[in-house]
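S.K.: no FASTA, just this:
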């Protein structure tokens, strides 16, 4: 019995000692600036949210947060750079379903593994998209787009600068039984530029990118991608209401760090990010973009990601998109 107690006491002591480094790491972190890697260009929805969260973390920790936009290749450049970064909590991927649910179904080979190369931290938000055309476009409704697409198969073009935007357009084609020409961009803001310039006919983009242009009178909103109308454009019908029955396609934001990042650091980062979603800057983003906060535990994000990956895979397959 004495020996058992001694062994038990020793085991407890070792457990306590093992916990100390993690506790110490959490207490010391962050001790230097943090870098948020964003897979899309400055001005995109993900970029706006990352900057709002970065402001909050700087206030809470007195450490700077640098936002590094690595746009291109549907987020693969950014995801790969984070996957290869030191697992110390100082490099964080602020991303979307593009890199962590859709890409593996859109590309034959990824330069990163969306599960094995990352530790999930927390979900950050959810939002919808809007179908937009140039304000001078002859198309004033979704029905107008459908009629023109059926009269001239393959002539109307739609741009996309993210997998969410791409799949939304492809799903529209598939469900409406029309043929549209896809034009890829590095980010949605770049596609918007060409839409404003008349180089493409339409796009389905995140509301935070599209709505300001609609409010400014430069673009015309034809339909909302989710099942409910957007509070930002309550007069605009959903694409489902506009005639493509059953259409529903949104997007989500989440944070990840490189595989091997200490659990205590992940937990501290999660606390800061969750707190950040309630900050004034983040609230302003959510209100302006028509999106909502969506936070999870690391385990909850892993489970959500698995479900979403399966869902996006089905949508992409049904839309007839062949992996590139």
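M.R.: Received the coordinates, thanks. Source: prediction; values computed, not measured.

S.K.: ranges for the helices of the stretch 201-324 of the chain?
M.R.: Using DSSP state H, counting those that start in this stretch, the helices assigned to the stretch 201-324 of the chain run over residues 207-215, 263-277, 280-289, 298-318.

S.K.: elements contacting the first one?
M.R.: So the one you mean is helix 207-215. Under the contact definition 3 or more C-beta pairs under 8 Å, 6 or more residues apart in numbering; DSSP states H and E, helix 207-215 sits against helix 45-61, strand 129-134, helix 188-197, strand 219-224, helix 280-289. Yep, even glycine has a C-beta here, placed from its N, CA and C like the rest.

S.K.: Quick one: closest of the ones you listed to residue 322.
M.R.: Checking the helices and strands packed on helix 207-215 against residue 322 by C-beta to C-beta gives helix 188-197 as the closest, at 21.4 Å.

S.K.: Give me the nearest residue to residue 317, chain neighbours excluded.
M.R.: The shortest distance from residue 317 to any non-neighbouring residue, by C-beta to C-beta, 6 or more residues apart in numbering, is to residue 105 (7.2 Å).

S.K.: Kindly confirm my reading that that neighbour is in a helix.
M.R.: Yes. Secondary structure of residue 105 (DSSP: H, G, I helix; E, B strand; the rest coil): part of a helix.

S.K.: Could you report the neighbour count for residue 68?
M.R.: Neighbourhood size, residue 68 [other C-beta atoms under 10 Å]: 13.

S.K.: Next: residue 153.
M.R.: Neighbours of residue 153 (other C-beta under 10 Å): 11.

S.K.: For it, what are phi and psi?
M.R.: For residue 153, the backbone dihedrals (degrees, to the nearest 10) come out as phi -60, psi 130.

S.K.: What does the pLDDT read for the residue nearest to residue 317?
M.R.: If you check residue 105, the pLDDT there is 94.

S.K.: pLDDT of stretch 199-219, averaged?
M.R.: Here stretch 199-219 scores 94 as its mean pLDDT.

S.K.: Pick the most buried one from the helices of the stretch 201-324 of the chain.
M.R.: Scoring those by mean neighbour count under mean count of other C-beta atoms under 10 Å gives helix 207-215 as the most buried, with a mean of 22.

S.K.: Pipe the helices of the stretch 201-324 of the chain into JSON lines and attach distance to residue 227 per row.
M.R.: Output for the helices of the stretch 201-324 of the chain, formatted as JSON lines (distance: least, C-beta to C-beta, whole Å):
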{"stretch": "helix 207-215", "distance to residue 227": "14"}
{"stretch": "helix 263-277", "distance to residue 227": "23"}
{"stretch": "helix 280-289", "distance to residue 227": "18"}
{"stretch": "helix 298-318", "distance to residue 227": "14"}
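
S.K.: Of all those, which one comes closest to residue 190?
M.R.: helix 207-215 (10.2 Å).

S.K.: ok so, going back, so which of the helices and strands packed on helix 207-215 is the most packed in?
M.R.: strand 129-134 (a mean of 26).

S.K.: now for that strand, which elements pack on it?
M.R.: Looks like strand 129-134 contacts helix 142-151, helix 163-176, helix 188-197, strand 202-206, helix 207-215, strand 219-224 (3+ C-beta pairs under 8 Å, 6+ apart).

S.K.: want to try TSV for these, with distance to residue 313 as columns?
M.R.: Below are those laid out as TSV (distance: least, C-beta to C-beta, whole Å):
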stretch	distance to residue 313
helix 142-151	26
helix 163-176	11
helix 188-197	22
strand 202-206	20
helix 207-215	25
strand 219-224	24
